[in-house]
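Enquirer: Prediction below, plus the sequence it came from.
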Amino acid sequence: MFAWSVKYQGKKSIKATPLFQIDFDERLLHRMRAGIKCASAQRIVPLLPGQSQALQDDFFRRSFSCGNCHWCDNQKSLGPVEYDYRGEKRTVCWYVNSDLNEFTEDTANLVKEYAEMHEGLR
């Protein structure tokens, strides 16, 4: 065995793909990878004001400004959304970067907060 993957799903009725995933592959230069795979920004942004500052800061770093690529033009529920972060308004893409650069105790707490926030989605 040269690789493994651990995934945390949560409720499939809320999100169909795993929320958190850790992968290890000894064949890669960077053998361990972890990621928080959020629901679309459109679904998450309304919940952000009630979250910790650490989660809001993390989401802001993960989100991408909409580049008007028009990929989402034909998607029913995936599209850009306006996001106000500390007085700075920007339109963010539906996709949120999943990569975690490191995995520390703070990261574990952040993953737990994301999981709790996703429980509030319908």
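Expert: Cool, the structure landed.

Enquirer: and after the helix or strand bottoming out on mean pLDDT in the chain, which helix or strand comes next?
Expert: Across the helices and strands of the chain, the lowest-confidence element by mean pLDDT, DSSP states H and E is strand 99-100, at a mean of 86. Heading C-terminal from strand 99-100, the first helix or strand you meet, by DSSP states H and E, is helix 105-119.

Enquirer: can you list contacts of that following helix?
Expert: 8, 10-11, 14-15, 19-20, 34, 36, 38-39, 44, 47, 51-52, 54-55, 58, 100 (C-beta atoms under 8 Å, 6 or more residues apart in numbering). Any C-beta I mention is one placed from the backbone N, CA and C, and that applies to glycine too.

Enquirer: Give me the buried entries from these.
Expert: 10, 15, 19-20, 34, 36, 38-39, 44, 51, 55, 58, 100 (16 or more other C-beta atoms under 10 Å).

Enquirer: Widest-spaced pair of the residues you listed?
Expert: A34 and Q51 (20.1 Å; C-beta to C-beta).

Enquirer: out of the buried ones among the contacts of helix 105-119, which one sits closest to P80?
Expert: After measuring these against P80 - C-beta to C-beta - the closest member comes out as I44, at 12.8 Å.

Enquirer: Surely that closest one touches F59?
Expert: Yes. Contact criterion C-beta atoms under 8 Å: I44 and F59 qualify, at 7.0 Å.

Enquirer: who touches both of the two?
Expert: C38, V96.

Enquirer: Tell me the spacing between the residue nearest to the spatial centre of the chain and L28.
Expert: Residue closest to the average C-alpha location in the chain (C-alpha atoms, centre = their mean): C38, at 3.0 Å. Using C-beta to C-beta, to the nearest Å, we find C38 at a distance of 24 Å from L28.

Enquirer: can you give me the strands in this protein?
Expert: 3-8, 20-25, 32-36, 63-65, 81-85, 88-96, 99-100 (DSSP state E).

Enquirer: What residues of the longest one count as buried?
Expert: Think strand 88-96. Applying 16+ other C-beta under 10 Å to strand 88-96 flags V92, C93, W94, Y95, V96 as buried.

Enquirer: ok, S65 - contacts?
Expert: R90, T91, V92, C93.
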